[in-house]
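In: coords please:
(2 chains, ligands or ions: 2)
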Amino acid sequence: MGKVIVITSGKGGVGKTTTTANLGHGLAALGRKVCLVDADIGLRNLDVVLGLENRIVYHLLDVVEGNCTVSKALIRDKQHGENLVLLAAAQTREKDAVNPDQMRDLMKVLRKEYDYVLVDCPAGIEQGFRNAVAGADQAILVTTPEVSAVRDADRIVGLLEATELHDPQVIINRIRPDMVRRGDMLDISDVDDFLRIPILGIVPDDESIIVSTNRGEPVVNDQRSRSGQAYRNICRRLEGQEVSFMDLQGENFMQRLLRRIRVGAANR
Amino acid sequence: MLEFLGRLLGTSDGSKTKAKERLRLVLVHDRSSLSPGLLESLKEDLIKVISKYMDIDESGLEVNLDKSDDSVALVANIPVKNVKRQGKGK
Ligand SMILES: Nc1ncnc2c1ncn2[C@@H]1O[C@H](COP(=O)(O)OP(=O)(O)OP(=O)(O)O)[C@@H](O)[C@H]1O
Ligand SMILES: [Mg+2]
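Out: Ligands and ions are numbered 1, 2, ... in the order given. Sure, this is the predicted structure:
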């Protein structure tokens, strides 16, 4: 029996879809069977980040409304095949075309077949959010080190409590070590002090994410990138391994230089 | 050490201090708003507990969260009609 994990945030644009795609690839690379569900109905995005946009025939609403079977609607990943599949969102419909009970039923089916079902939640706290969290066993909150994002994340923690999704974990995304060092960005312990929920991972702000998203190949597969490493660490933590956090803030010039040299040597 | 260097370079008081303070205040306020449903069930429970000890005017019961700039208090105004005699309660 697999786990259904919803990736949510409250505030838009903080990295839910990026996180979902990378954790999906990362977990599949660890040998798990993973199903990704795009619950952002009307604003489908996960397909593009995964580079699967040309393969979509059926979507979530087709399944819920009985137009096709679940297995028919699942799109296989280019790299991982059957071990990583996507259930796309409907693009031309409204968020209220599906309800929480239908989502719960769908998750019941998917949970049987996959080790992980990751649900990419839309921004906001309305119907789309309620649908995405219905049927989830666990929640991962994504936030950035900014006042508005942390505030919205805090609100989501409260709402998750109300839906019986206790013990959410948080991923702090888009950390900029240089800004943290000069005191212009909240650091990990600041965010921790406010939210008081376990930190699942920290991800640096990284150009390679944009480059890889352009290509439709999640950055977690890029062995050299820092953000890829961050996502690989998170996947191992989800698998129950203890992995220490990357040093995104303390690193000074000499350490950075040393790392460059080491990475360079490793790639030779 | 790092902080010392930061101060030396005049960079240690970045905008983060401001962000933290604003976030703290905004969360105090956000967390202090009870949903109508929660408020109703809090009222019901209060009535249940207090009725053990005194007769109260349920219709006059008022429960509010009092917010000032940096703190929040639960303020209840409960009109008492009669205090029960000791030993008779329960
Ligand atoms: N760590 C990062 N470094 C650099 N860019 C990032 C990082 N994480 C996300 N981004 C970029 O930020 C943008 C928003 O990310 P994403 O679409 O994953 O957010 P979202 O939370 O799913 O948004 P929405 O609320 O609209 O669904 C994207 O362009 C993505 O490439
Ligand atoms: Mg998204």
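In: How confident is the prediction for residue 34, by pLDDT?
Out: Just going to use chain A. Here, the pLDDT recorded for A:Val34 equals 98.
In: looking at chain B here, not the other one
Out: So, for B:Leu34, pLDDT stands at 71.
In: again with B:Asp13
Out: Note on B:Asp13: pLDDT of 73.
In: ranges for the strands of chain A?
Out: Remark: strands assigned in chain A by DSSP state E are A:3-8, A:34-38, A:75-77, A:81-87, A:116-120, A:138-143, A:169-175, A:199-204.
In: got TSV for the ones you listed, with distance to A:Ser244 too?
Out: C-beta here means a position set from N, CA and C on the backbone, and glycine is covered the same way. Putting those into TSV (distance: least, Cβ to Cβ, whole Å) gives the following:
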stretch	distance to A:Ser244
strand A:3-8	22
strand A:34-38	25
strand A:75-77	30
strand A:81-87	27
strand A:116-120	23
strand A:138-143	19
strand A:169-175	15
strand A:199-204	11
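In: Could you export those strands to TSV, including columns for mean neighbour count?
Out: Output for the strands of chain A, formatted as TSV (neighbours: other Cβ atoms under 10 Å in any protein chain shown):
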stretch	mean neighbour count
strand A:3-8	24
strand A:34-38	28
strand A:75-77	19
strand A:81-87	20
strand A:116-120	27
strand A:138-143	25
strand A:169-175	24
strand A:199-204	22
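In: With respect to ligand 2, which of those strands lies nearest?
Out: Among the strands of chain A, strand A:116-120 comes nearest to ligand 2, with 5.9 Å by Cβ to the ion.
In: Can you tell me the strand partners of the closest one and which way each runs?
Out: strand A:3-8 (parallel), strand A:34-38 (parallel) (DSSP bridges).
In: coming back round to it: can you add distance to ligand 1 and give the strands of chain A back as a markdown table?
Out: Shown next, in a markdown table, are the strands of chain A (distance: least, Cβ to the nearest ligand atom, whole Å):
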| stretch | distance to ligand 1 |
| --- | --- |
| strand A:3-8 | 8 |
| strand A:34-38 | 10 |
| strand A:75-77 | 18 |
| strand A:81-87 | 15 |
| strand A:116-120 | 7 |
| strand A:138-143 | 6 |
| strand A:169-175 | 5 |
| strand A:199-204 | 5 |
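In: Where does pLDDT dip in chain B?
Out: Along chain B, segments meeting pLDDT under 70 span B:1-12, B:87-90.
In: residue ranges of the strands in it, please?
Out: Under DSSP E, chain B gives strands at B:54-56, B:62-67, B:72-77, B:80-83.
In: and the ones you listed as JSON lines, adding mean neighbour count and distance to ligand 2?
Out: As requested, these are arranged in JSON lines below (neighbours: other Cβ atoms under 10 Å in any protein chain shown; distance: least, Cβ to the ion, whole Å):
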{"stretch": "strand B:54-56", "mean neighbour count": "15", "distance to ligand 2": "51"}
{"stretch": "strand B:62-67", "mean neighbour count": "12", "distance to ligand 2": "34"}
{"stretch": "strand B:72-77", "mean neighbour count": "11", "distance to ligand 2": "34"}
{"stretch": "strand B:80-83", "mean neighbour count": "10", "distance to ligand 2": "55"}
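In: A:Val180: which of the ones you listed is closest?
Out: In terms of Cβ to Cβ, the element of these nearest to A:Val180 is strand B:72-77, at 30.6 Å.
In: now that closest one, how far from the chain's geometric center?
Out: Centroid separation between strand B:72-77 and its chain, computed with Cα atoms, centre = their mean, to the nearest Å, is 7 Å.
In: what does it rub up against?
Out: B:28-29, B:31-32, B:46, B:60-66 (Cβ atoms under 8 Å, 6 or more residues apart in numbering or on different chains).
In: remind me which residues of chain A are low pLDDT?
Out: For chain A (pLDDT under 70), the answer is A:249-268.
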